[in-house]
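*Asks:* Turn this into a structure:
(one chain, ligands or ions: 2)
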Amino acid sequence: MEQPVIIVENLVKKINDRFILNNISFNVERREIFGYLGPNGAGKTTTLRIILGLMRPTSGKALVLEGNLSKDINLRRKVGVILENDGLYNKLTAYENLDFYSRIYGVSNSSERDRRIKKLLDLVGLYDEKDKKVGYYSRGMRRRLAIARALIHDPEIVFMDEPTSGLDPEAKIIVRNLIFQLARERDVTIFLISHDLDEVERLCSRVAILVGGRIVALDTIRRLMHSLERRSIEITFKNMQDAMEVAKYLDNMGILYNLRGNSIRIFYQDSNISRVLKPLVMMGLKIIDIKGNVESLYDVYLKIVRGG
Ligand SMILES: Nc1ncnc2c1ncn2[C@@H]1O[C@H](COP(=O)(O)OP(=O)(O)OP(=O)(O)O)[C@@H](O)[C@H]1O
Ligand SMILES: [Mg+2]
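*Replies:* Ligands and ions are numbered 1, 2, ... in the order given. Next comes the predicted model:
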C-alpha cells in the first residue's frame, strides 16, 4: 500500500511552558480531502506551520511525501499553500503576480507560463481583472487570486487555511467546486482548515477535530455522524387518534417518540428508517406531512467540542 502523503506523529509545540499542541498524530492519504477543524486558538494554523517547516516543533515529526519541507527544497515544488496571509504583491497586477510565482517554481517556458496563468485566472473568475493592480483588489478577489497562486505549479498537495473565508456565496461555490475537481480529476491531496462546516461536510471524506491542542476526534464524517447522531423524523397525521395509535405501536416496539397534537416525532438510531415506517403505512393512517430531521456535521461538531 502507498505511504500516506502527510504523516504527523506525536507533534508537540510548547511556547512559554504552555502546550499549544499536545501530542498530535494523524495521516492523510493521497487524493483525500482532509478537514482540520476546531475552535479559534485550537492550534490548527500552528500545526500547518509546523508541517510546512515554517515553525519547529518542540518534539515529534511532520512528513510530507516522506520528506521534510523545512529541509527539502525540491519537495516544496510539489506543495501549494494558501495561508491566512495571502503573500500577493500589491504593486503587481494579478497576471504579474502569477507570472512571478510561476518563475519561482521553475516553470521556465514562457508560453507554457502564459497558458497556465490565463487558465487559472479564468478558473477563479479573474480573467477580466488580470491587468489590475492587486492593491486595488477586494478581499474576495485577493482570496481567489491566492488560490490561483497556490495552483500555478501543479502541486500534488495543497494546504489551505480557511480558503473561502470572506468570499461571497457564489465565489464560495466556485472555490468549493474547484477543490472538489482538484481532488477528483487531478489527484491532488487537500489539507483543508475551515470553520465552514457546511463546506467541510460537502467536501471532506475525513476530518480531525482539534480542541486546546489535542485531537478529540479523527474519523470519516460518516462514522462521526453515525456514532453521535440520533436521527428523527416528524410525521403529521390528519387526526389525533391516528397519532395516538402510532404512539401505542411505538411503545410496543420500544422506539422513542414525542407526541404533540397530531404530530409525532420519532427518534431512531439505525439508518433503516423503513423498518419503522413500513408498519405505519400498512396501518392505513392518513399522513399529511413528513419531515426528515437528520443532524448535520454542525451538530456533531458542537457535541464533540463541548463534550471534549
Ligand atoms: N508564536 C507564538 N507565540 C505565542 N503563542 C502562539 C504563537 N503562535 C501561536 N500561539 C498560540 O497558539 C494557540 C493556537 O493558535 P493557532 O493560530 O494555531 O490557532 P487556530 O486553531 O489556527 O485558530 P483560528 O481558528 O483562530 O485561526 C493560540 O493560543 C495562539 O495564541
Ligand atoms: Mg488559524
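*Asks:* mind listing what the most centrally placed residue in the chain touches?
*Replies:* With distances taken as Cα atoms, centre = their mean, residue 200 lies nearest the centre of the chain, 3.2 Å away. When the contact criterion is Cβ atoms under 8 Å, 6 or more residues apart in numbering, the partners of residue 200 are 35, 37, 192, 194, 207, 221, 297. Placement of C-beta: from N, CA and C, glycine included.
*Asks:* quick one: it from residue 297, how far?
*Replies:* Remark: distance between residue 200 and residue 297 (Cβ to Cβ, to the nearest Å) = 6 Å.
*Asks:* what touches both of these two?
*Replies:* Shared contacts of residue 200 and residue 297 (Cβ under 8 Å, 6+ apart): residue 221.
*Asks:* re earlier: what about the contacts of residue 200, which are in helices?
*Replies:* Members of those lying in helices (criterion: DSSP state H): 221, 297.
*Asks:* Next to ligand 1 in this structure, residues from the stretch 1-150 of the chain, please.
*Replies:* Neighbours of ligand 1 within the stretch 1-150 of the chain, by Cβ under 6 Å from any ligand atom: 15, 20, 38, 40-46.
*Asks:* go again using 5 Å as the cut-off
*Replies:* The stretch 1-150 of the chain comes close to ligand 1 at residues 15, 20, 40-46, as judged by Cβ under 5 Å from any ligand atom.
*Asks:* closest point of the chain to ligand 2, which residue?
*Replies:* In the chain, the residue that lies nearest ligand 2 is residue 45 (3.2 Å; Cβ to the ion).
*Asks:* so that residue touches residue 81, yeah?
*Replies:* No. Contact criterion Cβ atoms under 8 Å: residue 45 and residue 81 do not qualify, at 11.8 Å.
*Asks:* Report the contact partners of the closest residue to residue 238 other than its chain neighbours.
*Replies:* Among residues not flanking residue 238 along the chain, residue 286 sits closest, at 3.8 Å (Cβ to Cβ, 6 or more residues apart in numbering). Going by Cβ under 8 Å, 6+ apart, residue 286 touches 237-239, 242.
*Asks:* Compare residue 45 and residue 81 (neighbour count), which wins?
*Replies:* With neighbours defined as other Cβ atoms under 10 Å, residue 45 and residue 81 compare such that residue 81 has more, 21 against 17.
*Asks:* Note down every partner strand of the host helix or strand of the more buried one and its orientation.
*Replies:* If you go by DSSP states H and E, residue 81 is part of strand 79-82. Partners of strand 79-82 in the sheet, by DSSP bridges, are strand 157-161 (parallel).
*Asks:* What residues of the partner strand count as buried?
*Replies:* 157-161 (16 or more other Cβ atoms under 10 Å).
*Asks:* what does stretch 136-143 give?
*Replies:* Neighbour-count burial for stretch 136-143, counted by 16+ other Cβ under 10 Å, picks out 137, 140-143.
*Asks:* which one of the buried residues of strand 157-161 is nearest residue 113?
*Replies:* Here the nearest of those to residue 113, counting by Cβ to Cβ, is residue 158; it sits at 19.4 Å.
*Asks:* excluding its backbone neighbours, what's nearest the closest one?
*Replies:* Excluding the flanking residues, the one nearest residue 158 by Cβ to Cβ, 6+ apart is residue 80, at 4.2 Å.
*Asks:* Tell me which residues touch the one you found, please.
*Replies:* By Cβ under 8 Å, 6+ apart, residue 80 lies in contact with 150-153, 155, 157-159.
*Asks:* want to throw the buried residues of strand 157-161 into CSV with pLDDT and distance to residue 129?
*Replies:* Written out in CSV, the entries for the buried residues of strand 157-161 read as follows (pLDDT from 0 to 100; distance: Cβ to Cβ, whole Å):
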residue, pLDDT, distance to residue 129
157, 97, 28
158, 97, 23
159, 97, 26
160, 96, 22
161, 95, 24
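*Asks:* Helix or strand: which one has residue 27?
*Replies:* Using DSSP H and E, residue 27 falls in strand 18-28.
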